[in-house]
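# Got a predicted structure here, sequence first:
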Amino acid sequence: MEALHNEIDELLAKLPAAEQIRERLDTLVSVYPFNEYEFVISHLLAKNVLSLEQYLEMRDNYIARNMYLYIFEISAPRTFGEAWAQGHLKELVPELAKSTKKLDSNYSGQYDFLLDGRVRIEVKASRAVDAGVDAPLYVKALSSVSTKPFWMNFQQIKPACCDVIVWIAVWRDQIRYWVLSSHEVETHPDYSKTQHRGNVGEGQFHVTNENIGKLELFRIASDKLAEAIRAAFTRQKTAKHSA
């Protein structure tokens, strides 16, 4: 949004009535789908400061930079964390099976998927937002190349209930995947073993611009997730036998 805003502002400065339009924007009432951008762009087109071809190029570039912005518009945490995140991972790894009592007699909702009938997987997702802004998620959503400090939180992590944990991190323009064994999460120096007072066995992991580099070792391409999950499971078994 910052890039689009700057681009339009530069064009706006070329209009003879630029200051009047800026003043009008201060009191402009917007109702979907009409907003400040539509208002300015219509003036730019009318005064031939912006051609239709330039507008279409601007539009295409904005969409390319914000392919995943719609994910920040999912307001309900459960809808994002379960419906979207699990559905997204299932699309990438079709062999994942949603856990049920039939597949695992001990299953009671403590993890999300099974792979190969034995690897218990927990899925968590979070979105990168500007840590210094108090605004709706889609307003403070950041791109992966932003230099602004960001913050994301993976919550309600239960390492004892699964073998492998998949974290899905969403930026406006990119989705990243980190695959760790539950032992690697539990022993990570940035993992907090408590989330709420009195809460046992459930922790959280804050990822910021300062510690994201520590996860690079576990970052996996979207087409390598299945084999990364199996590799993390092998590491988990080794850690258990060594304990």
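Yep, that arrived.
# If you count neighbours, what's buried in stretch 162-174?
Cys162, Asp163, Val164, Ile165, Val166, Trp167, Ile168, Ala169, Val170, Trp171, Arg172, Asp173 (16 or more other CB atoms under 10 Å). For the C-beta atoms, the positions are set from N, CA and C on the backbone; glycine is no exception.
# other SSEs contacting the longest helix seen in the chain?
Assignment by DSSP state H gives helix 225-242 as the longest helix of the chain. Contact here means 3 or more CB pairs under 8 Å, 6 or more residues apart in numbering; DSSP states H and E; on that basis helix 225-242 packs against strand 113-115, strand 119-127, strand 164-170, strand 175-181, helix 182-186.
# Of these, which stretch is the most buried?
Mean neighbour count, computed with mean count of other CB atoms under 10 Å, is highest for strand 164-170 among the helices and strands packed on helix 225-242, reaching a mean of 26.
# Just want the angle from that one to strand 119-127.
Between strand 164-170 and strand 119-127, the angle comes out at 20 degrees (axes from the mean of the first three to the mean of the last three CA atoms, to 10 degrees).
# Can you show me the CA trace of strand 164-170 as PDB?
Output of strand 164-170 as PDB, limited to C-alpha atoms (Å, rounded to 0.1, in the frame of the first residue of the first chain):
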ATOM      1  CA  VAL A 164       6.100 -32.400  13.800                       C
ATOM      2  CA  ILE A 165       5.000 -28.800  13.700                       C
ATOM      3  CA  VAL A 166       4.400 -26.800  10.500                       C
ATOM      4  CA  TRP A 167       4.300 -23.000  10.800                       C
ATOM      5  CA  ILE A 168       2.800 -21.000   8.000                       C
ATOM      6  CA  ALA A 169       3.900 -17.400   7.900                       C
ATOM      7  CA  VAL A 170       2.000 -15.000   5.600                       C
END
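# Partner strands of that strand and their direction?
According to DSSP bridges, strand 164-170 has the following sheet partners: strand 119-127 (parallel), strand 175-181 (antiparallel).
# For the last one, C-alpha coordinates in CSV please.
Coordinates of the C-alpha atoms in strand 175-181 are reproduced here as CSV (Å, rounded to 0.1, in the frame of the first residue of the first chain):
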residue,chain,number,x,y,z
ILE,A,175,4.0,-17.3,2.2
ARG,A,176,6.8,-19.1,4.1
TYR,A,177,6.8,-22.5,5.7
TRP,A,178,8.9,-23.7,8.6
VAL,A,179,8.9,-27.4,9.5
LEU,A,180,10.3,-28.4,12.9
SER,A,181,10.1,-31.5,15.0
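# Fine, thanks again, bye for now.
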